[in-house]
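Engineer: Sequence first, then the predicted structure, then my questions.
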Amino acid sequence: MLVKLPEDFTITSVGELYQSLSDLVGINEQVEIDGSAVERVDAAALQIILALQGIPGLDVAWSGISPVLEEAAELTGLSGPLGLVG
């Protein structure tokens, strides 16, 4: 399953994403996150991704990371937990 993060990935835009991700609970599947379009992001939105990675049975991988997303993860100390460091 491919999850494309929106350009404005903030608390005001995560409701729809959260709903679609909550449907994945209990499903063993690989989830690919494309964050290449993200131009705005906040800590609440990053926490949604952390929650996704914590769902048992899901294999989460990144297919694209925008510079804005990468910088926000670094500033919040979440690069490692989000799997954005190699």
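Structural biologist: Arrived safely, thanks for sending.

Engineer: doesn't Ala72 make contact with Ser79?
Structural biologist: No: here Ser79 does not reach Ala72: they are 9.5 Å apart, not a contact under C-beta atoms under 8 Å. Where C-beta positions appear, they are placed from N, C-alpha and C, glycine not excepted.

Engineer: quick one, which of those two is more surrounded?
Structural biologist: For the pair Ser79 and Ala72, the greater number of neighbours falls to Ala72 (22 against 17), based on other C-beta atoms under 10 Å.

Engineer: ok but the more buried one is inside a strand, no?
Structural biologist: No: remark: Ala72 does not belong to a strand; assigned using DSSP: H, G, I helix; E, B strand; the rest coil, it is helix.

Engineer: surely it meets Val41?
Structural biologist: Yes: using C-beta under 8 Å, Ala72 is in contact with Val41, at 4.6 Å.

Engineer: anything in contact with each of the two?
Structural biologist: Common contact partners of Ala72 and Val41 (C-beta atoms under 8 Å, 6 or more residues apart in numbering): none.
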